[in-house]
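Engineer: Can you look at this prediction? I've put the sequence above it.
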Amino acid sequence: QLVKQLMFFLLVLRFSESSDKGWFRSLFVHKVDARKDAHSNLLSKKETSNLYKIQFHNVKPECLEAYNSLEAEVQNRLHQDKDYPCEVVGSWNTWYGEQDQAVHLWRYTGGYPALTECLQKLKTNKEYLEFRKERAKMLISRRNQLLLEFSFWNEPLPRQGPNMYEMRSYSLKPGTMIEWGNHWARAIKYRQENNEAVGGFFSQIGDLYVVHHLWAYESLQSREETRNSAWLKEGWDANVFYTGKTAGLCPHRYSQ
C-alpha cells in the first residue's frame with residue numbers, strides 16, 4: 001500500500017504555463033544538425049540539468065511483497081531528506097512483460113555532481129547499507145541506466161491516479177539518435193490530447209542507443225482508444241514508419 005501511495009503522489013503530469021510554452025515552441029524548432037555538437041547536448045533540455053536513473057530489479061516471486069514494502073520505506077526517506085539532491089519520480093511493478101520485476105525512476109537535480117554527491121553520502125549511511133544487504137537477498141538480478149530527457153518531451157510531474165503506465169523501450173541503430181529526435185519532436189504533438197505523455201528519455205551510461213517513452217492511461221481500454229485515435233491524424237503513420245526504420249521495440253507495461 002505504501003508503494004501505491006508513493007507512486008500516486010509522485011508520478012504525475014500537470015502543465016505549468018512556462019512548461020506549456022516551452023513544449024509548444026519545441027514543435028517549431030529547426031532540425032537538429034548532428035555535426036554541431038554531442039548528441040546529449042543537442043537533444044537534451046538546456047534549461048535544466050536533471051539527470052535520471054532507471055533501475056530494473058528482478059525479484060524472487062516469493063519476496064515481491066516484502067521487497068515493495070522495504071523499497072518504498074527507503075525511497076520515502078531519501079525523497080524527504082533534503083540533504084540528498086535526488087527524488088523518486090515513479091516506482092512500478094510489471095503487469096505485462098517480465099514478471100516479478102520492479103522499476104524505479106530517480107531524478108538527480110544538478111546532473112552528474114548531484115549523482116556523485118548522493119553516492120558518496122550513501123556509502124557512509126549505515127541504514128542504507130543495511131537496506132542494500134537485506135534487499136540483495138530478495139533479488140535475482142538488477143541493472144540500471146543513466147538517462148537524459150528529450151528536450152521536446154514534458155518533464156514527468158505528479159499526476160492524479162490511479163493510472164496504468166506503459167514504458168516503450170527502443171534500441172536504436174547506432175548513428176540514428178538525431179534522426180529519432182527530429183521525427184519525435186514533430187510526432188509528440190499527435191499524442192497529447194488525452195494527457196498520456198509522461199516523459200521521454202535516452203540513455204547516457206549503461207546500455208547505449210536506448211530510448212524510453214513513458215505513457216499513462218486510465219485503463220487498457222483507454223490505451224487502445226487513445227492509440228487508435230492517433231492513427232486518424234494525418235502524419236502519425238509517417239512517424240511510425242520512420243520509428244520502425246531506426247529502431248527495434250521492446251515494450252514493457254508497468255502499473256501502480
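Structural biologist: Yes, it's here.
Engineer: CA atoms only for stretch 220-239, dumped as PDB, please.
Structural biologist: Output of stretch 220-239 as PDB, limited to C-alpha atoms (Å, rounded to 0.1, in the frame of the first residue of the first chain):
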ATOM      1  CA  LEU A 220      -6.100  -0.900 -21.100                       C
ATOM      2  CA  GLN A 221      -9.300   0.200 -22.900                       C
ATOM      3  CA  SER A 222      -8.300   3.800 -22.600                       C
ATOM      4  CA  ARG A 223      -4.900   2.900 -24.000                       C
ATOM      5  CA  GLU A 224      -6.400   1.200 -27.000                       C
ATOM      6  CA  GLU A 225      -8.800   4.100 -27.800                       C
ATOM      7  CA  THR A 226      -6.000   6.700 -27.400                       C
ATOM      8  CA  ARG A 227      -3.600   4.900 -29.600                       C
ATOM      9  CA  ASN A 228      -6.300   4.200 -32.300                       C
ATOM     10  CA  SER A 229      -7.200   7.900 -32.300                       C
ATOM     11  CA  ALA A 230      -3.600   8.800 -33.200                       C
ATOM     12  CA  TRP A 231      -3.900   6.800 -36.400                       C
ATOM     13  CA  LEU A 232      -6.800   9.100 -37.600                       C
ATOM     14  CA  LYS A 233      -4.400  12.100 -37.600                       C
ATOM     15  CA  GLU A 234      -2.500  12.900 -40.800                       C
ATOM     16  CA  GLY A 235       1.200  12.500 -40.300                       C
ATOM     17  CA  TRP A 236       1.200   9.900 -37.500                       C
ATOM     18  CA  ASP A 237       1.600   7.000 -39.900                       C
ATOM     19  CA  ALA A 238       4.800   8.500 -41.300                       C
ATOM     20  CA  ASN A 239       6.200   8.800 -37.800                       C
END
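Engineer: In that stretch, which residues are buried?
Structural biologist: Residues 223, 226-227, 230, 236, 239 are the ones in stretch 220-239 that count as buried (16 or more other C-beta atoms under 10 Å). No exception for glycine: its C-beta is placed from N, CA and C like everyone else's.
Engineer: in the longest helix along the chain, what's buried?
Structural biologist: Using DSSP state H to define each element, the chain has its longest helix at helix 64-80. Using 16+ other C-beta under 10 Å as the test for burial, helix 64-80 gives 64, 67-68, 70-72, 74-76, 78-79.
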